[in-house]
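Trainee: Provide a 3D model corresponding to the input given below.
(chains A, B, C and D)
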Number of protein chains: 2
Amino acid sequence: MQDPSTEQKILEAAISIFQKKGMAGTRMQEIADEAKINKAMLHYYFRSKQRLFEAVFMQAFQQLAPHVNEIFNADATVFEKVESFVDKYISFVLVNPYIPSFLIQEINNNPKFAQTFFSAHGVPDPSQFEQQIAEEIQQGILKPIDPKQFLLNLFSLTAFSFAANGLVKGLLNIDNETFMMMMEERKKLIPELIINSIKR
Amino acid sequence: MQDPSTEQKILEAAISIFQKKGMAGTRMQEIADEAKINKAMLHYYFRSKQRLFEAVFMQAFQQLAPHVNEIFNADATVFEKVESFVDKYISFVLVNPYIPSFLIQEINNNPKFAQTFFSAHGVPDPSQFEQQIAEEIQQGILKPIDPKQFLLNLFSLTAFSFAANGLVKGLLNIDNETFMMMMEERKKLIPELIINSIKR
DNA sequence: GTCTATAGCCAGATAGAC
DNA sequence: GTCTATCTGGCTATAGAC
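Mentor: Residues are numbered from 1 along each chain as shown, chains lettered A, B, ... in the order given. Below you'll find the predicted structure:
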């Protein structure tokens, strides 16, 4: 394995710091220290804090969005998609634990930036999946439910534990090991709960 | 109604700004402008940004925690507590929409502060409720489930929509009015979903 | 490409007049 | 209690030597 380029080292350090502390809480010096690189280099490669942040945001977004779309638009039943989504999402965020809270926080804190970003790069779009849910209800496969409420249940059950990681651990009084074990269990529990609620 | 005291005006402005932008994203000047008060007054009454932040954090926390404890430790069945919690929580955050994301964000970004704060003021403690769930399972009223997973489902379904407000609206492609209507519906949907999953 | 030094700005905090 | 003026430090960003 070759030594990573300076640009790579910077980006990786920036990902690590920005994802933990957010745009407003991050100092350029801290990224430089993490990358073991002179602070001036950050500006040489990325021009400004804003641009470096955007590279980080993009990277986080690109790792999630395409997979979500892929699952939702696959040729599979609603049940299969639920199982696939929960399994893939939890597996991914267990090794990238800061991405959900990072994305959620920055979208909340900077709606204007998010708006612009999503206009340019597209949001994960579950509308086709919503359509499919409506159809399976029509066909009598599923009990009637608002497809948007259905999706919201799915996202909530899957993502909240990571979005509110600190609070969850505090409330349930569990350490990180227990947390990770519970998340592994949830790969089964969540699809069971969801499917059980709409199965005819 | 009497004119609010200067201290009150500052605190209210601080709540408004801190809850939207977080500790790191907030400027003292912005709070002063919002309160229509000189910036020096903030320091006169609250000494430092950190202390003002702590007053805001405390205020948000105090509005939620005691009610949660009250519900969980009441003399009622598990089903009743679920219904009561969902209804009260959603009603409250619909008029205080920034509190969940604010608390979650600050706990994530500043675990050390959160640790200290909770050591001093206590976390909402659902352990007695967990106990009760275990007992009702024992008695054959409920299907077997890990009480912590049960609570996590309840919190996830109830809080995620508010914690990830911006993302949820973007993903589901809904405006604020639709969002609020969906939340009203969820007061019924969530207890149904939860109770249905554990009812014998 | 990489470094040092520093410009330029802005934020939190305080002194001191009223 | 309230204001103006200002200190002090820290931050982003850049100039310029190597």
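
Trainee: the helices in chain A, which residues?
Mentor: Per DSSP state H, chain A carries helices over the ranges A:6-25, A:28-35, A:39-46, A:49-72, A:78-95, A:99-109, A:111-121, A:127-138, A:147-163, A:165-172, A:176-198.

Trainee: Of all those, which one comes closest to B:Gln105?
Mentor: Set against B:Gln105 and scored by CB to CB, these come closest in helix A:99-109, at 5.3 Å. All C-beta atoms are positioned from the backbone trio N, CA, C, and that covers glycine.

Trainee: Quick check: mean pLDDT of the closest one?
Mentor: Average pLDDT, helix A:99-109: 98.

Trainee: returning to what we had before: JSON lines for the helices of chain A, including mean neighbour count?
Mentor: Below are the helices of chain A laid out as JSON lines (neighbours: other CB atoms under 10 Å in any protein chain shown):
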{"stretch": "helix A:6-25", "mean neighbour count": "19"}
{"stretch": "helix A:28-35", "mean neighbour count": "18"}
{"stretch": "helix A:39-46", "mean neighbour count": "16"}
{"stretch": "helix A:49-72", "mean neighbour count": "17"}
{"stretch": "helix A:78-95", "mean neighbour count": "18"}
{"stretch": "helix A:99-109", "mean neighbour count": "24"}
{"stretch": "helix A:111-121", "mean neighbour count": "13"}
{"stretch": "helix A:127-138", "mean neighbour count": "16"}
{"stretch": "helix A:147-163", "mean neighbour count": "23"}
{"stretch": "helix A:165-172", "mean neighbour count": "20"}
{"stretch": "helix A:176-198", "mean neighbour count": "17"}
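
Trainee: show me what contacts A:Lys199?
Mentor: A:Lys199 sits next to A:79, A:142-143 when contact means CB atoms under 8 Å, 6 or more residues apart in numbering or on different chains.

Trainee: Any figure for the gap between it and DNA strand C?
Mentor: Per CB to the nearest atom of the strand, to the nearest Å, A:Lys199 is found 53 Å from DNA strand C.

Trainee: Contacts for stretch A:19-30, please.
Mentor: So stretch A:19-30 is contacted by A:17-18, A:39, A:42, A:49, A:52-53, A:56, A:60, A:98-99, A:102, A:105-106, A:109-110, B:21-25, B:105, B:109 (CB under 8 Å, 6+ apart).

Trainee: Now with 6 Å, please.
Mentor: A:17-18, A:39, A:42, A:49, A:53, A:98, A:102, A:105, B:24-25, B:109 (CB atoms under 6 Å, 6 or more residues apart in numbering or on different chains).

Trainee: And for stretch A:44-57?
Mentor: A:7, A:10, A:14-15, A:18, A:23, A:28.

Trainee: would you turn the residues you listed into TSV with pLDDT and distance to A:Ala134?
Mentor: Shown next, in TSV, are those (pLDDT from 0 to 100; distance: CB to CB, whole Å):
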residue	pLDDT	distance to A:Ala134
A:Glu7	98	46
A:Ile10	98	46
A:Ala14	98	42
A:Ile15	98	38
A:Phe18	98	39
A:Met23	98	38
A:Met28	98	49
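
Trainee: DNA strand C next: which of the contacts of stretch A:19-30 are close?
Mentor: A:Lys39 (CB under 7 Å from any atom of the strand).

Trainee: Out of the contacts of stretch A:19-30, which two sit at the greatest distance?
Mentor: A:Lys39 and A:Gln105, at 24.7 Å, using CB to CB across the contacts of stretch A:19-30.

Trainee: Check the closest residue to A:Asp87 other than its chain neighbours and give its pLDDT.
Mentor: Sequence neighbours aside, A:Lys187 is the residue nearest to A:Asp87 in space, at 5.1 Å (criterion: CB to CB, 6 or more residues apart in numbering or on different chains). Looking at A:Lys187, its pLDDT is 98.

Trainee: how near is A:Lys187 to DNA strand C?
Mentor: Relative to DNA strand C, A:Lys187 is positioned 42 Å away (CB to the nearest atom of the strand).

Trainee: Any figure for the gap between that residue and A:Phe92?
Mentor: Relative to A:Phe92, A:Lys187 is positioned 12 Å away (CB to CB, to the nearest Å).

Trainee: can you check A:Ala55 too?
Mentor: 20 Å.

Trainee: cool, and A:Pro191?
Mentor: In terms of CB to CB, A:Pro191 sits 16 Å off from A:Phe92.

Trainee: How about A:Gln139?
Mentor: The gap separating A:Gln139 from A:Phe92 is 32 Å, by CB to CB.

Trainee: Repeat that for A:Gln115.
Mentor: Taking CB to CB as the measure, A:Gln115 falls 25 Å from A:Phe92.

Trainee: re earlier: which ones are touching the residue nearest to A:Asp87?
Mentor: Here A:Lys187 is in contact with A:86-87, A:90 (CB under 6 Å, 6+ apart).

Trainee: Adding pLDDT and distance to A:Ser127, write those out as JSON lines.
Mentor: Formatted as JSON lines, those follow (pLDDT from 0 to 100; distance: CB to CB, whole Å):
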{"residue": "A:Val86", "pLDDT": "98", "distance to A:Ser127": "20"}
{"residue": "A:Asp87", "pLDDT": "98", "distance to A:Ser127": "23"}
{"residue": "A:Ile90", "pLDDT": "98", "distance to A:Ser127": "24"}
